[in-house]
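Novice: Build me a model from this:
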Amino acid sequence: AGEHGMELRSWRSVLRMADADRAPPVLVKMDIEGYEFPVLRRMLEADPAMLPLQIALELHYHTYLPLPWQYRRKSSAELLGLAVALQERGGYLPVHRRDNPLCEFCTE
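Specialist: Numbers count the residues shown, from 1 in each chain. Modelled structure (predicted):
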């Protein structure tokens with residue numbers, strides 16, 4: 001097991017597994033129940049030329065899952081830090097946001 005008891009693969013290895021390591025994907029969709037923070041940070045460590053053109057995700061800012069930040073909300077600083085990393089390292093900007101009516105702590 002790797003970080004926080006979970007195995008995180010490198011972005012390059014994920015692309016290889018999907019036989020997509022010659023050109024970046026157009027879109028990556030994530031709904032990974034609170035694991036998006038470490039996964040996105042790991043993805044942003046990759047070669048920028050191989051990052052997806054767009055990322056669609058559900059962001060969980062509070063969780064009851066057994067994560068290191070279980071039972072607490074992500075702080076404004078943590079959310080801003082992720083947004084800044086996405087913009088600076090990947091050129092990503094939010095273009096649409098919708099709160100999930102079935103999840104008090106989720107936004108898509």
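Novice: can you pull the pLDDT of the closest residue to Leu67 other than its chain neighbours?
Specialist: Distances taken as CB to CB, 6 or more residues apart in numbering put Gly34 closest to Leu67, at 5.3 Å, once the chain neighbours are dropped. The way it works is simple: take the backbone N, C-alpha and C, and place the C-beta from them, glycine included. Gly34 is assigned a pLDDT of 79 by the prediction.
Novice: Pro25 too?
Specialist: 91.
Novice: nearest spatial neighbour of it, skipping sequence neighbours?
Specialist: Counting by CB to CB, 6+ apart, the residue nearest Pro25 is Pro52, at 4.5 Å.
Novice: That neighbour: which element?
Specialist: Here Pro52, judged by DSSP states H and E, is contained in no helix and no strand.
Novice: burial count for it?
Specialist: Residues contacting Pro52 under the criterion other CB atoms under 10 Å number 18.
Novice: again, but for Tyr71
Specialist: Neighbour tally, Tyr71, other CB under 10 Å: 9.
Novice: Quick check: closest non-adjacent residue to it.
Specialist: Tyr64 (6.6 Å).
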